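Visitor: Sequence first, then the predicted structure:
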Amino acid sequence: MPTLLITHPCFVDHDTGPGHPERPDRMRAIDRVLAHDYFADLVREEAPSRDDVEAQILLAHPKRYLDMIKDARPEVGEGRVHLDGDTVMSPGSWMAATRAVGAGLHAVDQVMDEGSGIRNAFCQVRPCGHHAETDRAMGFCLFANVAIAGMYARKKHGVDRVAVIDYDVHHGNGTQDIFWSDKDLFFASTHQMPLFPGTGAVSETGVGNICNAPLRSGDNGERFRDAFESRIFPALKNFSPDMILISAGFDAHEADPLASLRLVEADFLWVTEQLIAYAERQCDGRVVSMLEGGYDLTALARSVGVHVRAMMDAG
């Protein structure tokens, strides 16, 4: 069964400005890697424009927040708008942000549809989403892409228990915020701490559905794997999800400029293989992965390559 890749040319139109690390070249770097013959068997689809996208965004964000983002978007020719020091909207950002959400929705639909022939899906999208809290844009993020996808899986497809696993170097405070009080939504994260956004302590447990495994500056793949094996995998097994979503951030790579963990491609390959294997045992292989961070272009492209290949090999 094939792996689905969902992306769209509009993701390069989200213009964050000169010097911003979350830049359009991230998409171009990944495109070059995934154009290799090694990935010829990927099923490739464009992120859709969905009439229901705003209704699904409201699963995770209140209408006043959605309206604020809509009102903030600049028109063509107006330049960029800063929602905070890091989070930027350009004239192309609204389409990119809504299609990023739409990519997650479509991935869930395809993975849940037994007739689609799709086992798992990777959403190559921007802007990223895991820092967007219920009513606050931050950390380059406008909408909580992966949280919306998880809540949509429950609403549309009746998935009882959804798990999000986040290994971006920055804690996914937005996903945690949105999932905090719902015992049937599970969030687990490895991340560097202390580091932006300042959340992600072991003591942050929600209603028993939050599992944080913070790492320290300089930690390598051995510490990363231990965090999963000693904390996250046991908690995931105890939660027993019906679907797994991955916040696939690759900025824990040793080459990344925004943090100081020391992971390499082999570590991202390992964690992907472990999550895919667990999903095969527990969730009929149902996995949707959504791109988050990763700001060294070479490291990002190579890490995405091993991540996607591991998903393909599961088929």
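Guide: Arrived safely.
Visitor: and residue 272, what is it in contact with?
Guide: 246, 289, 306-307, 310-311 (Cβ atoms under 8 Å, 6 or more residues apart in numbering). For the C-beta atoms, the positions are set from N, CA and C on the backbone; glycine is no exception.
Visitor: Ok, residue 228 next?
Guide: Applying Cβ under 8 Å, 6+ apart to residue 228 gives the contacts 190, 213, 271, 274.
Visitor: could you redo the last one with a cut-off of 7 Å?
Guide: 190, 271, 274 (Cβ atoms under 7 Å, 6 or more residues apart in numbering).
Visitor: Just the residues you listed: which are in strands?
Guide: Within those, membership in strands is found for residue 190, as judged by DSSP state E.
Visitor: Give me the buried subset of the contacts of residue 228.
Guide: With burial judged by 16 or more other Cβ atoms under 10 Å, the buried subset of the contacts of residue 228 is 190, 271, 274.
Visitor: Out of the residues you listed, the closest to residue 18 would be?
Guide: Compare each of the buried ones among the contacts of residue 228 with residue 18 using Cβ to Cβ and the shortest gap goes to residue 190, at 31.6 Å.
Visitor: Hmm, residue 65 is touching residue 133, no?
Guide: No - between residue 65 and residue 133 there is no contact, the gap being 9.1 Å when judged by Cβ atoms under 7 Å.
Visitor: can you pull up the bridge partners for the most centrally placed residue in the chain?
Guide: The residue at the geometric middle of the chain, judged as the C-alpha nearest the mean C-alpha position with Cα atoms, centre = their mean, is residue 247 (3.1 Å). Following DSSP bridges, residue 247 is listed with bridge partners residue 166, residue 290.
Visitor: Do I have it right that it meets residue 166?
Guide: Yes - applying Cβ under 7 Å, one finds residue 247 in contact with residue 166, separated by 3.7 Å.
Visitor: Need the residues touching each of these two.
Guide: Between them, residue 247 and residue 166 share these contacting residues under Cβ under 7 Å, 6+ apart: 130, 172, 175.
Visitor: what are the ranges of the helices in the chain?
Guide: Listed in chain order, the helices of the chain (DSSP state H) span residues 25-34, 53-57, 63-72, 93-112, 145-157, 173-179, 221-227, 233-239, 265-282, 297-313.
Visitor: Tell me which of the ones you listed lies nearest to residue 200.
Guide: Minimum separation from residue 200 across the helices of the chain (Cβ to Cβ) falls at helix 173-179, 7.2 Å.
Visitor: Name the surrounding residues that touch that closest one.
Guide: Counting by Cβ under 7 Å, 6+ apart, the neighbours of helix 173-179 from elsewhere in the structure are 60, 129-134, 141, 144, 146-147, 164, 166, 185, 187, 197, 199, 204, 206, 209-210, 247.
Visitor: if I look at residue 142, how far off is residue 61?
Guide: Taken as Cβ to Cβ, to the nearest Å, the spacing of residue 142 relative to residue 61 amounts to 10 Å.
Visitor: Might you list the low-confidence residue ranges for the protein?
Guide: Regions of the chain meeting the criterion pLDDT under 70 cover residues 315.
Visitor: And for it, the residue most distant from the center?
Guide: The outermost residue of the chain relative to its centre, with distances by Cα atoms, centre = their mean, is residue 77 at 30.3 Å.
Visitor: Name all residues that make contact with the closest residue to residue 79 other than its chain neighbours.
Guide: Distances taken as Cβ to Cβ, 6 or more residues apart in numbering place residue 90 nearest to residue 79, at 7.5 Å, with adjacent residues excluded. For residue 90, the contacting residues are 14-15, 74, 80, by Cβ under 7 Å, 6+ apart.
Visitor: let's see 10 Å
Guide: Residues in contact with residue 90, defined by Cβ atoms under 10 Å, 6 or more residues apart in numbering, are 13-17, 73-74, 76, 78-81, 96.
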